[in-house]
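Asks: Below are the sequence and a predicted model for it; my questions follow.
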Amino acid sequence: MAGEKILVAEDEKTIRDLLARYLTKEGFQVFEAKNGKEALEIFEKENPDALILDVMMPEYDGWSVLKRVRKVSSLPVLMLTAREEEEDKLFGFELGVDDYVTKPFSVKEVVARVKALLKRGKEPESGEKYRYRELTVNVSEHEARIDKEKLNLTPKEFDLLVVFLENKNQALPRERILDRVWGYDYYGDLRTVDTHVKRLRKKLGPLGEQLVTVRGIGYRLEEE
């Protein structure tokens, strides 16, 4: 994990410097941006492995940056926000945020969350491969394809897809999905699952119709 590139986009210098210092001590190569315009410029030039992104920034806000990034990359994105409203978080998940931290926060917690995102998104977890109709998923390579076209999935969307493939034709409660994909210590709302399933369905195209809602329970991937 050491040496991986982290882009910290935060307009408050004190917070930005603090995050950069801690991440550098952990062996990461850190790039700093004080506004959305700089963030996009550094992103395009340096191709970072993960992005820590503040919502409220000058030039372009965090939402605008995230939209641009998600058009071309599925890198892990951790959002920093002073807002605690659940609707704001759900909006972020709609755009492709992988995790959230609300200010004020512990810098050590942010670093730990970034490491977890990188581990899930980059490191092979097993040699498992799955086939489902024209869909193939290689867990080791963290890659999903429909026919020969690679799917641009975020780390959480990929993990969600693997959970459904591991449990085909089983009705999975939202609570179980949340625990498997986000972890037992995640404090998010169950609607987080709904938002990610919606995004996954869209990216799966016609195959997304096989990911059905089980009324009052959760979701099920229909067997072939």
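Replies: Right, received. Where do you want to start? Numbers count the residues shown, from 1 in each chain.

Asks: Quickly list the domain ranges of the protein.
Replies: Following automatic domain parsing, one finds the domains of the chain at 5-122, 129-221.

Asks: Save these as a markdown table, and put in mean neighbour count and mean pLDDT too.
Replies: All C-beta spots, glycine's among them, are computed from the backbone N, C-alpha and C. Shown next, in a markdown table, are these (neighbours: other Cβ atoms under 10 Å; pLDDT from 0 to 100):
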| stretch | mean neighbour count | mean pLDDT |
| --- | --- | --- |
| domain 5-122 | 18 | 88 |
| domain 129-221 | 16 | 87 |
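
Asks: can you tell me which helix in the protein is longest?
Replies: Criterion DSSP state H: the longest helix present in the chain is helix 107-122.

Asks: any chance you could map the helices in the protein?
Replies: 13-25, 36-46, 62-70, 86-95, 107-122, 155-166, 174-182, 191-204.

Asks: Give me the helices and strands touching the fourth one, please.
Replies: In this case it means helix 86-95. Under the contact definition 3 or more Cβ pairs under 8 Å, 6 or more residues apart in numbering; DSSP states H and E, helix 86-95 sits against helix 62-70, strand 77-81, helix 191-204.

Asks: Extract the C-alpha set from that helix and format it as PDB.
Replies: Extracted C-alpha coordinates of helix 86-95, given in PDB (Å, rounded to 0.1, in the frame of the first residue of the first chain):
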ATOM      1  CA  GLU A  86     -28.800  11.800   5.500                       C
ATOM      2  CA  GLU A  87     -30.200  13.100   2.200                       C
ATOM      3  CA  ASP A  88     -26.900  14.700   1.400                       C
ATOM      4  CA  LYS A  89     -25.100  11.400   1.900                       C
ATOM      5  CA  LEU A  90     -27.600   9.600  -0.300                       C
ATOM      6  CA  PHE A  91     -27.100  12.200  -3.000                       C
ATOM      7  CA  GLY A  92     -23.300  11.500  -2.800                       C
ATOM      8  CA  PHE A  93     -23.800   7.800  -3.000                       C
ATOM      9  CA  GLU A  94     -26.000   8.400  -6.100                       C
ATOM     10  CA  LEU A  95     -23.000  10.100  -7.700                       C
END
